[in-house]
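> A structural model of the following input is requested.
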Amino acid sequence: MSKISREGYEQIKVIRNALDSMYDKLDKAEVYTKKGAKYESQNVFESVKSEFEVIAGIVELSGTWEEVQ
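Alright, predicted model coming up:
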């Protein structure tokens, strides 16, 4: 089992809040790219979804780590 200090865990919670905020913003954002003569919309979040899942998984797991003094 991994270990973490109280201060480290508090910083991870800040990261979690930032991820939640970015997720909310990116999940609604659409970018338009030119394809030939017209523009097509793309969901920006889909391009970074797997990275979000990895980071969120580690952040979630950190709540089970043993605290060190």
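
> Now do the helix or strand of the chain with the lowest mean pLDDT: distance to the chain's middle.
Least confident helix or strand, the chain: strand 30-35 with a mean of 84, by mean pLDDT, DSSP states H and E. For strand 30-35, the distance from its own C-alpha centre to the chain's C-alpha centre is 23 Å (Cα atoms, centre = their mean, to the nearest Å).

> what lines up beside it in the sheet?
strand 38-43 (antiparallel) (DSSP bridges).

> Flag every buried residue along the very next helix or strand once past the partner strand.
Downstream of strand 38-43, the first helix or strand assigned by DSSP states H and E is helix 49-62. By 16 or more other Cβ atoms under 10 Å, the buried positions in helix 49-62 come out as 52, 59, 62. C-beta: built from backbone N, CA, C; applies to glycine.

> Over to stretch 62-69?
Using 16+ other Cβ under 10 Å as the test for burial, stretch 62-69 gives residue 62.

> Can you pull out the residues in contact with that stretch?
Here stretch 62-69 makes contact (Cβ atoms under 8 Å, 6 or more residues apart in numbering) with 1, 2, 3, 4, 5, 6, 9, 12.

> how far does it stretch from start to finish?
16 Å (Cα to Cα, to the nearest Å).

> Mean confidence (pLDDT) on it, please.
Taken as a whole, stretch 62-69 has a mean pLDDT of 88.

> do stretch 40-52 as well
85.

> Look at it and report the distance between its end residues.
24 Å.

> May I ask you to name the longest helix in the protein?
The longest helix of the chain (DSSP state H) is helix 6-28.

> And it, what does it pack against?
helix 49-62 (3 or more Cβ pairs under 8 Å, 6 or more residues apart in numbering; DSSP states H and E).

> Report the distance from the helix or strand that the helix it packs on is followed by to the chain centre.
Next helix or strand after helix 49-62 toward the C-terminus (DSSP H and E): strand 66-68. Offset of strand 66-68 from its chain centre (Cα atoms, centre = their mean): 24 Å.
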